[in-house]
Structures are given as structure tokens and as C-alpha cells.
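Asker: Provided below for reference: sequence and predicted model.
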Amino acid sequence: MTAEQEAERRAADVLAERDVIQANLLELDGSYTRQLLDGAPLSGRTRERWDKASATLASLWETYVAYSAVVDRVDELGVSGRPVRYRNLPELTGLLTGTSVRLTRARAPLARRDLADTGWQELTLEAAVAAMRRAFTEVAEVTSAVETVWAEVGRRLDAVAEELTRARPLADGLGDDIGTAFRDAQASLDSLRADVNADPLTHWHDGQADTFAADQLKKQVADLTARIAELDRLRAQTQRMIDELRTATAAARAAREDAIAAWRHAAERITGMPPLPPEITEPPIASLTKLAAAGRWTRLQAELDRCHSDLAAATAATEDSQRSVATALGRRDELRGLLGAYKSKAGRLGAAEDGDLAARYNQAYELLWTAPCDLAAAAAAVTGYQQAILAAERRRR
């Protein structure tokens, strides 16, 4: 390859590289995030970083303009469809390899200025590209971090705003506590959004967006809107819920009356019955209705919850009493059946006339068929009768 051909190849590479650099610079400079940063009232860490990045970007464009002018001359000499002429080779080689990019730079104060300081900085094309690459990375890191924070945190804040917008009409009239909680949530959203808009880089840590505050607010608002929806359903269904409470109480009281009747029936027949099920108090219907009329929905729900809880406890006690009655009567009948079965077994053994067995049988029978029946004593008597029969059976073997 001749020197002219080598210079022509290198010139083509430089031109292609300039096209890529130009495209990336235009994309960075025209990005929506960069435009927002230029127009936003920034503060704090973001203001500091963007001021520095803006200066870097301006310097990057100055470098690019000077660099691009050199590349344009390279294009004229070695890429524009004509073979490189021998007489142009020294200039082209100088542009490609020498310090051909001239940049102005701020001159030092006179007291610290070198006598030969021209105020110019001269770079090779390669050094200019390296400087632009460093500057591009610095600016892109800032815009990328800001864009990520605005996207990640902003998406969460938008979801919170939508939740509050949907809940706002429902929250009206649900009471001071809900109103205060709603206003606090809205204020937290507005404050966090303003902070993210003005200083997004305070929410950038370890190479990623810090969404903790937004996530916490999102959970807080989700809990609040769920509470609002619950109270709104209560507001819409108050009369039905009060009527259902009244009906459930009437049913529970009827069930208690049945349980008391069964308990008394059993108490006449069996001793040691557990206490009667507790009274079931009438719910404060008038008070609940007044709370609804006054729009005190939080208090109304608390009272309804308490009434249902008390009713559930009383209903459970009634059911326990019914089970106890059934268990006691069932146990007495079971012992009666066992006593009859053991007597039949004694007859098969030919021991029915045994005096001790007869006495034990009579004792158990009297206990089981005498009202009220002492179940513990009757169970012991039946067990004693069973053991006596088993002993007689062993003696006959």
C-alpha cells in the first residue's frame, strides 16, 4: 500500500468516526431530558452536577466544531472521490497525525501566566476524540441518571396521584380523620414530586434510582384508599348493615332460648351441667342510626365491628352450651347401653345371680335411671360392674 493509499484509508476512517460522533452528540443535545434540565429550576446536588455537565457539554461542542473543521479539510484532501495527490500528502498527513485541532482556552491571570502562553490549545484528532469521549460520558452519566430517576420514581408517583384522584370524590364527607389523612397524603405526594423534579440526583444511589420514599408513599396511599372505599361502602349500605345486625341478633337470641330450653331439660336429668349461655344484648340501633345520620362513618364502623364481635362471642357460647347438653345426654345414654350389654354378658357367663354382681348392677342402674343423674358416679359404677364381670369370667376359665 502506498503512502497516498494509506493516508486515504485513514482519512476515510476519520470521516466515518466524525459521522458517528456527530450523530451521538446531536442525540444527546436534543434529548428531552437535557432540554428539561436546561429549563428546570434545579437545586442541590442536581444543580451542582448539571452546572458542571452543562459547561462540559458547551466545551464538548467547541471541541467538536474545531475537530469537525479539521475533518472537513481531511475530506477535501483525501476522501471526496479523488485520489490523494502527492502534493497534498504532507498536509493530509499533518492533519491526521499532528496537532491539527486548535482550541481556545481561558488564559490564566497575568500574575500566573507563562510568557509564551498563546491562549490556544492544540490537539491531535485522536486526542480531540478522546477528550470528547470523556466529556460525552460525563454529560451522559448525568442525563441518564436523571432520566432513570424521573422514570422510576415518577412512575410510582403518577400511580399515587391516580389513586388519590380516584379516591377524592369518595373521601368527601367521611369525617375529619379521613380528610386529614387524605390532605397529608396529597401534601406528601406534592412535596416528594417537587423534590424529585428539582433535585432528582438525591434519589440516585449506587448506580440506581432510590424508590424507597415513593414506595412507602404508595403503600400509605393504598392503605388509605382501601380504608376510604371501605367507609364509602359502609355509607352506601348503612341501613342494610344495621338491619342485618338486628336480624342476626334476633336469630342469636332465638337460638339462645332453644339452648336454654335444652339446658333445663338436661339439668332435670343430669347433675353438674355447665352454666347457662350468657345473655345476648340488644344492639344500640338508635345510636348506630344517629352516627350514620351525622356522617360519623369511622365511629359507626367501629361500633358495628364491636357489636358483631360481641354477637359472635355470645353465639359461640350458645353453641358451646348446646354441645355440652348433647354430650351429657349422649354420655348418659351410652352408659345405659353399656350397662345393659354387661348384664347380658353376665347372663351368658351364668353369673347373673351372683350377689356382688347384682348389687353392682343395681347401684349403676339406680344412678343412671334416677333424675338428675350424677354422670361421674354412674360412670364409675358402670366401670366397677364391668371389671367385676371380667373378674368372674377369668375365674370360670
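Answerer: Now that the structure is in, tell me what you want to look at.
Asker: Mind listing what's buried along stretch 344-364?
Answerer: Taking 16 or more other C-beta atoms under 10 Å as the neighbour-count basis, stretch 344-364 is seen to contain the buried residues 345-346, 349, 351, 354, 357, 360-361, 363-364. To be clear about C-beta, it is placed using only N, CA and C from the backbone, and glycine gets the same treatment.
Asker: Show me where the chain has its strands.
Answerer: Counting by DSSP state E, residue ranges of the strands within the chain are 101-104, 120-123, 204-205, 208-209.
Asker: and the third one, what does it pack onto?
Answerer: Using 3 or more C-beta pairs under 8 Å, 6 or more residues apart in numbering; DSSP states H and E as the contact test, the elements touching strand 204-205 are helix 125-171.
Asker: now swap in the second one and tell me
Answerer: Using 3+ C-beta pairs under 8 Å, 6+ apart, the elements in contact with strand 120-123 are strand 101-104.
Asker: From the rest of the structure, what touches the strand it packs on?
Answerer: 62-63, 66-67, 70, 119-125, 127-128 (C-beta atoms under 8 Å, 6 or more residues apart in numbering).
Asker: I'd like to know how far the residue nearest to residue 321 when sequence neighbours are not counted sits from residue 270.
Answerer: Closest residue in space to residue 321, ignoring its immediate chain neighbours: residue 277 at 4.3 Å, by C-beta to C-beta, 6 or more residues apart in numbering. Using C-beta to C-beta, to the nearest Å, one gets 17 Å for the distance from residue 277 to residue 270.
Asker: One more: residue 158?
Answerer: With the distance defined as C-beta to C-beta, residue 158 ends up 70 Å from residue 270.
Asker: Likewise for residue 314?
Answerer: Taken as C-beta to C-beta, the span from residue 314 to residue 270 is 24 Å.
Asker: if we can go back for a sec, any chance of the strands of the chain in CSV, with distance to residue 36 and mean neighbour count too?
Answerer: Listed next are the strands of the chain as CSV, based on distance: least, C-beta to C-beta, whole Å; neighbours: other C-beta atoms under 10 Å:
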stretch, distance to residue 36, mean neighbour count
strand 101-104, 29, 16
strand 120-123, 32, 15
strand 204-205, 16, 16
strand 208-209, 16, 18
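Asker: now for those, which one comes closest to residue 215?
Answerer: Nearest to residue 215 among those is strand 208-209; the distance by C-beta to C-beta comes to 11.0 Å.
Asker: List the contacts of that closest one.
Answerer: Judged by C-beta under 8 Å, 6+ apart, the contacts made with strand 208-209 from elsewhere in the structure are 148-149, 151-153, 203.
Asker: give me the number of residues near the closest residue to residue 215 other than its chain neighbours?
Answerer: Spatial nearest neighbour of residue 215, excluding adjacent residues (C-beta to C-beta, 6+ apart): residue 156 at 6.5 Å. Other residues within reach of residue 156 by the criterion other C-beta atoms under 10 Å amount to 20.
Asker: In contact with residue 156, which residues?
Answerer: With contacts defined as C-beta under 8 Å, 6+ apart, the neighbours of residue 156 are 211, 214-215, 217-218.
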